[in-house]
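S.K.: okay, predicted coordinates and the sequence, questions at the end:
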Amino acid sequence: MTPLRLHSTRPLTGRLAPSPTGALHLGHARTFLLTWWHLRQRGASVHLRHEDLDAGRARPEHQQAIEDDLRWLGVDWDGPPVVQSRGLDRLQAALAALHARGLAYWCTCSRAELRQLQSAPQLGELELRYPGTCRGRWSTLEEAEREAGREAGLRFRVPSGEIRFVDQVLGPQRFDVQATVGDFLISRRDKTPAYQLAVVLDDADAGITEVHRGADLLASTARQLLLQRALGLPTPRYHHFPLVLDAEGRRLAKRVDSLSLATLRAGGVPAERVVAWVARSAGLSVPRAVSARELIHEFTLERVPTQPVRWLGTLD
Ligand code: GLU
């Protein structure tokens with residue numbers, strides 16, 4: 001296995017990586033402001049990447065809206081934004097290399113077949129563990145698709161054992177990817193690179209040393225560490241921020257229009273009140289309205305609660 005490359009000598013570089021699948025809401029505002037404060041207070045560069053590989057849900061018009069929302073909040077970035085789908089050749093080359101090295105294999109299992117293999121039918125939102133049905137089954141894509149009569153995806157051959165890392169917000173973590181997720185998809189059936197692979201290569205290409213994002217992606221980090229090792233890429237430092245939940249304990253989804261930044265702005269709410277709410281949720285004492293820039297040096301990562309934040313229906 002390739003040894004882990006250290007990040008200490010590379011210039012501090014972080015990123016904002018929204019998916020242009022809908023309007024940004026208060027939960028995104030929180031993640032992006034905490035990220036920006038933490039990066040800017042240490043003089044880091046900030047890179048903006050639109051993660052639009054989910055062709056079924058991503059819409060170009062959301063990219064502009066997201067940039068407008070970020071500027072409204074007072075969040076800026078360095079250099080032109082990157083659009084993930086414009087760099088597909090490198091991703092395809094990495095997929096081919098992993099396959100050529102025997103680290104990935106074609107899989108023709110359908111979702112229905114995978115569900116049938118699962119013993120607990122009530123798993124709901126939980127991911128199904130892939131049991132490895134197609135490991136060693138097909139030698140080429142052509143053979144797989146001809147024999148199975150359907151399109152094949154590419155799965156990463158996950159080694160057994162635990163992956164450990166220290167999250168800068170949530171502390172030490174351990175995940176057994178093989179036992180819980182199994183060999184995961186790195187290319188979908190339509191041959192679009194999957195999120196896990198795309199994020200690892202795009203972060204490496206942009207020289208990202210700091211990853212900040214919502215805690216819903218904490219478990220994905222272990223998969224990304226495995227891919228970084230397989231591809232000989234450096235591992236950034238990870239910071240996962242707990243999500244904002246509504247009064248019933250549900251995640252604020254993009255469909256909660258009333259809490260979208262665009263709706264708040266259209267309703268005359270100043271950005272400074274959103275910023276103040278986010279700052280209080282991160283343990284800062286601030287006035288009722290404050291600009292993002294004023295808090296760059298006030299913010300401390302140590303004060304960010306490690307529990308989800310409740311949205312109680314008011315910015316005050
Ligand atoms: N695009 C992802 C999202 O909006 C974030 C991915 C990441 O930060 O790694 O949830």
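M.R.: Noted; the coordinates are in hand.
S.K.: what's the local residue count around the residue in the stretch 151-300 of the chain positioned nearest to the ligand?
M.R.: Nearest residue of the stretch 151-300 of the chain to the ligand: R213, at 3.5 Å (C-beta to the nearest ligand atom). In short, each C-beta sits where N, CA and C put it, glycine included. Using other C-beta atoms under 10 Å, the number of residues around R213 comes to 20.
S.K.: again with R188
M.R.: Neighbours of R188 (other C-beta under 10 Å): 17.
S.K.: ok, Q178 next?
M.R.: Neighbours around Q178, by other C-beta under 10 Å: 20.
S.K.: phi and psi next, for P159.
M.R.: phi -70, psi 160 (degrees, to the nearest 10).
S.K.: that one reaches G182, doesn't it?
M.R.: No - at 11.6 Å, P159 does not count as touching G182 under the criterion of C-beta atoms under 8 Å.
S.K.: which of those two has more neighbours?
M.R.: G182 (19 against 13).
S.K.: once you drop chain neighbours, what's closest to the more buried one?
M.R.: Spatial nearest neighbour of G182, chain neighbours left out: Y130 (3.6 Å); criterion: C-beta to C-beta, 6 or more residues apart in numbering.
S.K.: the one you found touches F184, doesn't it?
M.R.: Yes - contact criterion C-beta under 8 Å: Y130 and F184 qualify, at 6.8 Å.
S.K.: quick one, phi psi at the residue most central in space within the chain?
M.R.: In the chain, the centroid-proximal residue (C-alpha atoms, centre = their mean) is L217; its distance is 5.5 Å. Per-residue torsions, L217: phi -100, psi 10 (degrees, to the nearest 10).
S.K.: quick one: residues contacting it.
M.R.: H240 (C-beta atoms under 8 Å, 6 or more residues apart in numbering).
S.K.: look up how far T9 lies from it.
M.R.: 26 Å (C-beta to C-beta, to the nearest Å).
S.K.: so which residues of this structure form helices?
M.R.: 26-40, 60-73, 88-100, 111-117, 141-148, 177-180, 195-205, 218-231, 261-266, 271-281 (DSSP state H).
S.K.: chain center to the fourth one, what's the gap?
M.R.: Relative to its parent chain, helix 111-117 has a centroid offset of 26 Å by C-alpha atoms, centre = their mean, to the nearest Å.
S.K.: now that helix: buried residues?
M.R.: L114 (16 or more other C-beta atoms under 10 Å).
S.K.: average pLDDT across it?
M.R.: The average pLDDT within helix 111-117 is 78.
S.K.: distance check, the nearest residue to W138 once chain neighbours are set aside against E151.
M.R.: Nearest residue to W138, sequence neighbours excluded (C-beta to C-beta, 6+ apart): A144, at 3.7 Å. From A144 across to E151, the span is 9 Å (C-beta to C-beta).
S.K.: show me which residues of the stretch 151-300 of the chain sit near the ligand.
M.R.: Applying C-beta under 6 Å from any ligand atom, we find that the stretch 151-300 of the chain lies next to the ligand at 199, 213, 217.
S.K.: output the residues you listed in a markdown table, with pLDDT appended to each entry.
M.R.: Converted to a markdown table, those look like this (pLDDT from 0 to 100):
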| residue | pLDDT |
| --- | --- |
| V199 | 97 |
| R213 | 98 |
| L217 | 97 |
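S.K.: which one of those is nearest Q116?
M.R.: Within those, the smallest distance to Q116 is 28.5 Å, found for L217 (C-beta to C-beta).
S.K.: so what's the residue lying closest to L114 once chain neighbours are set aside scoring on pLDDT?
M.R.: Spatial nearest neighbour of L114, chain neighbours left out: L128 (5.4 Å); criterion: C-beta to C-beta, 6+ apart. If you check L128, the pLDDT there is 83.
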